[in-house]
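Enquirer: How does the following fold in three dimensions:
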Amino acid sequence: MKIYSLLLTLGLFRMTGIAQEFEAAAIRRHPGVSSNTNIRVSGGRLTIVNASVKTLIRNAYGILSFQLVNEPRWLDSEMFDVSATTGSSEEITQEQMRVLLQTLLADRFGLKVHRERRTGTVYALVIAPEGAKLVAGDAATKPGVNTRKGPGEARMKGTNEQVAALASNLGNQLGRFVLDQTGLTGGWDWDLVWDPDPGPEATRPSLFTAVRQQLGLRLEPKQGPMEVLVIDSVGRPSEN
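Expert: Reported below is the predicted structural model:
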């Protein structure tokens, strides 16, 4: 059994040679209130528990929250459970899951979208004058990023991961694109700790300060292009 996290990657994917739709899918409103969303794959079966339609769209199209435009308010507040199968025992890959979710969203939620490139404020991630403080990762270690947030403290730990992944995760925290312009290649380790909402009594630095002090990097605002996914139409599904 494989459990997929909700880590998102940017970019397009090929749609050739893989199934385009589920053989059967059941969608129901999630009962109760919960803050956790789970996506689980076992063979050709996909089970999603307590996910908003916005979360489904983000996973289907490989985007971050701020890239979604023209979304109705309910898209992020109404939660659903999905149980679907391809009718095959073969494991659903991440690439295939995106295609399947796109078709499911179109068929059951009436989702229609288009992509646009717009100009807005982005951040360039560069090396600070004092030099980068990232630690070279162990090539034998599986790459990964783990982020957790709580009152007064947030922490992002990277293990043998590329700086592009750091930039993407920083963008998710800031609600803006972060472009990796460090020139650093290969896998790196880092442990970034900051206060997500710093005030006069804060004991942790802001994210901007933490990036410079702890990683030896700097976030510089600039105007640049960004791709967004515009919702043309979407509706609530009929339960089954």
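
Enquirer: Now do the contacts for residue 197.
Expert: residue 152 (C-beta atoms under 8 Å, 6 or more residues apart in numbering). (C-beta placed from N, C-alpha, C; glycine too.)

Enquirer: Numbering from 18 from now on, please.
Expert: Okay, residue one is now 18; in that scheme the one you just asked about reads as residue 214.

Enquirer: how close does it get to residue 167?
Expert: Residue 214 is 11 Å from residue 167, where distance means C-beta to C-beta, to the nearest Å.

Enquirer: just residue 176 next, same as before
Expert: Counting by C-beta to C-beta - residue 176 and residue 167 are separated by 21 Å.

Enquirer: Looking at those two, which one has more neighbours?
Expert: residue 176 (17 against 8; other C-beta atoms under 10 Å).

Enquirer: Now name the helix or strand holding that one.
Expert: In this assignment (DSSP states H and E), residue 176 forms part of strand 170-178.

Enquirer: got it, and residue 164?
Expert: strand 161-167.

Enquirer: my read: residue 98 touches residue 73, true?
Expert: No: the criterion here is C-beta atoms under 8 Å, and residue 98 misses it with residue 73 at 11.3 Å.

Enquirer: what sits against residue 143?
Expert: 198, 199, 234, 235, 237.

Enquirer: repeat that for 6 Å
Expert: 198, 235 (C-beta atoms under 6 Å, 6 or more residues apart in numbering).

Enquirer: so it, which of the three states?
Expert: strand (DSSP: H, G, I helix; E, B strand; the rest coil).

Enquirer: And residue 163, how far from residue 171?
Expert: Taken as C-beta to C-beta, the span from residue 163 to residue 171 is 12 Å.

Enquirer: of these two, who's got more company?
Expert: residue 171 (19 against 12).

Enquirer: On the strand side of things, show who the more buried one bridges to.
Expert: residue 166, residue 211 (DSSP bridges).

Enquirer: what do you get for residue 58?
Expert: residue 19, residue 63.

Enquirer: hang on, the earlier thing: for the strand holding residue 176, what is the distance to the chain centroid?
Expert: Its chain's average C-alpha position is 15 Å from that of strand 170-178, according to C-alpha atoms, centre = their mean, to the nearest Å.

Enquirer: So between residue 98 and residue 73, which is more surrounded?
Expert: residue 73 (23 against 17).

Enquirer: isn't there a helix covering that one?
Expert: Yes: the assignment for residue 73 (three-state DSSP) places it in a helix.

Enquirer: mind checking how far it is from residue 114?
Expert: 11 Å.

Enquirer: So residue 106 is in contact with residue 62, correct?
Expert: No: applying C-beta atoms under 6 Å as the test, residue 106 and residue 62 come out as separate, 9.3 Å apart.

Enquirer: Which one's more surrounded, these two?
Expert: residue 62 (19 against 10).

Enquirer: In contact with the nearest residue to that one once chain neighbours are set aside, which residues are there?
Expert: If you skip the residues right next to it in sequence, residue 62 has residue 102 as its closest partner in space, 4.7 Å away by C-beta to C-beta, 6 or more residues apart in numbering. Neighbouring residues of residue 102 by C-beta under 6 Å, 6+ apart: 40, 41, 61, 62.
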